[in-house]
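K.L.:
coordinates only, sequence not included:
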């Protein structure tokens with residue numbers, strides 16, 4: 001296949017009308033340019049240049065190749081610019097994945113990048129399955145995944161933030177009357193739980209088992225953000241990440257005692273490239289956004305607990 005240098009020689013000769021001038025344009029020697037052109041003619045199996053007393057002229061075959069040669073040179077230059085921009089974290093593409101409830105954590109950072117770095121194309125995939133998120137990284141379908149720790153040791157992880165696990169309940173529920181709820185008080189409580197395909201289901205079951213607590217599931221949902229809404233509607237209580245509780249939540253939100261948190265990490269297949277590393281720094285700066293109404297409830301709980 002023709003080298004890029006040979007195509008550059010063809011274009012330079014066409015533009016200058018002379019091999020000598022083409023060599024000057026390319027900061028090369030005349031024999032080197034002639035060698036590249038001869039190699040290109042051997043590869044195409046036809047004559048591309050006609051030598052005349054006052055220079056050289058492209059043959060019909062040379063003219064036919066010229067437009068594609070210019071496009072190939074432009075494409076190569078564009079590829080270099082794109083790679084350089086990605087390396088300098090000023091351009092390229094960033095493929096993100098996250099646990100379903102963590103879209104609200106990514107959203108403000110993505111919004112900021114759309115405003116400040118419009119040349120970076122960002123895509124997002126969500127999942128409720130940790131294994132599926134791991135698969136996105138393994139199969140190179142995502143550059144970075146935001147999810148709770150722990151993750152398998154084959155990945156590189158960067159701590160991003162701590163996220164609180166909270167109790168949600170209907171307003172007026174007996175557990176909501178307390179400033180903070182001991183986990184053991186969930187014994188026998190009607191629980192809006194998560195469906196097996198949601199990774200929170202098994203994770204909460206293990207957490208309850210370690211605490212020796214057995215709530216009573218009354219229904220299950222695969223959608224993380226649906227559980228607190230169903231709890232607020234009076235079906236029971238829900239235990240969920242605070243990121244799953246939306247602004248204007250109509251029920252009660254309470255912390256656990258002691259406070260229950262999980263670590264959120266950015267997962268990559270190896271050390272993050274400059275673009276991913278910059279995004280991770282922005283994630284750490286923003287942390288977990290908690291809606292004002294939810295934050296007010298939790299702050300009141302913590303204040304009451306401190307006084308107690």
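P.N.:
On my side now, so go ahead. Predicted model, so just to flag it, every value in this text is computed and none were measured. Numbering: from 1, shown residues only.

K.L.:
just checking, next helix/strand downstream of the longest helix anywhere in the chain?
P.N.:
Longest helix in the chain, counting residues (DSSP state H): helix 60-87. Going down the chain from helix 60-87, the next helix or strand is strand 92-99, by DSSP states H and E.

K.L.:
the inter-axis angle of that following strand versus helix 60-87?
P.N.:
If you take axes from the mean of the first three to the mean of the last three Cα atoms, to 10 degrees, strand 92-99 sits at 50 degrees to helix 60-87.

K.L.:
ranges for the strands of the stretch 151-300 of the chain?
P.N.:
With DSSP state E, counting those that start in this stretch, the ranges of strands along the stretch 151-300 of the chain come out as 156-169, 180-182, 190-194, 216-221, 238-241, 252-257, 261-268.

K.L.:
Quick one: residues contacting residue 198.
P.N.:
Neighbouring residues of residue 198 by Cβ atoms under 8 Å, 6 or more residues apart in numbering: 100, 128-129, 221-224. (Each C-beta comes from the backbone N, C-alpha and C, glycine too.)

K.L.:
Whichever of the residues you listed end up buried, select them in ChimeraX.
P.N.:
Buried residues within the contacts of residue 198, by 16 or more other Cβ atoms under 10 Å, are selected in ChimeraX with:
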select :100,128,221,224
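
K.L.:
Could you export the contacts of residue 198 to CSV, including columns for distance to residue 262 and pLDDT?
P.N.:
As requested, the contacts of residue 198 are arranged in CSV below (distance: Cβ to Cβ, whole Å; pLDDT from 0 to 100):
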residue, distance to residue 262, pLDDT
100, 15, 90
128, 15, 91
129, 17, 93
221, 20, 97
222, 19, 95
223, 19, 94
224, 13, 94
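
K.L.:
Between the contacts of residue 198, which sits nearest residue 241?
P.N.:
Nearest to residue 241 out of the contacts of residue 198 is residue 224 (Cβ to Cβ; 7.3 Å).

K.L.:
Ramachandran coordinates for that closest one?
P.N.:
phi -60, psi -40 (degrees, to the nearest 10).

K.L.:
Spell out the secondary structure type for the nearest residue to it once chain neighbours are set aside.
P.N.:
The shortest distance from residue 224 to any residue other than its chain neighbours is 3.9 Å, reached at residue 101 (Cβ to Cβ, 6 or more residues apart in numbering). Three-state call for residue 101 (DSSP: H, G, I helix; E, B strand; the rest coil): helix.

K.L.:
quick one: residue 101 and residue 242 touch, right?
P.N.:
No: using Cβ atoms under 8 Å as the test, residue 101 is too far from residue 242 to be in contact (9.1 Å).

K.L.:
which residues touch the most centrally placed residue in the chain?
P.N.:
Centroid-nearest residue in the chain: residue 96, 1.9 Å away (criterion: Cα atoms, centre = their mean). Contact partners of residue 96, counting by Cβ under 8 Å, 6+ apart, are 106, 110, 122-125, 142-146, 279.

K.L.:
so it bridges to which residues?
P.N.:
residue 124, residue 144 (DSSP bridges).

K.L.:
if I look at residue 254, how far off is residue 248?
P.N.:
17 Å (Cβ to Cβ, to the nearest Å).

K.L.:
Looking at the two, which one has more neighbours?
P.N.:
Between residue 254 and residue 248, counted using other Cβ atoms under 10 Å, residue 254 has the larger neighbour count: 22 against 9.

K.L.:
so how many other residues sit close to the closest residue to that one other than its chain neighbours?
P.N.:
The shortest distance from residue 254 to any non-neighbouring residue, by Cβ to Cβ, 6+ apart, is to residue 167 (4.6 Å). Using other Cβ under 10 Å, residue 167 has 28 neighbouring residues.
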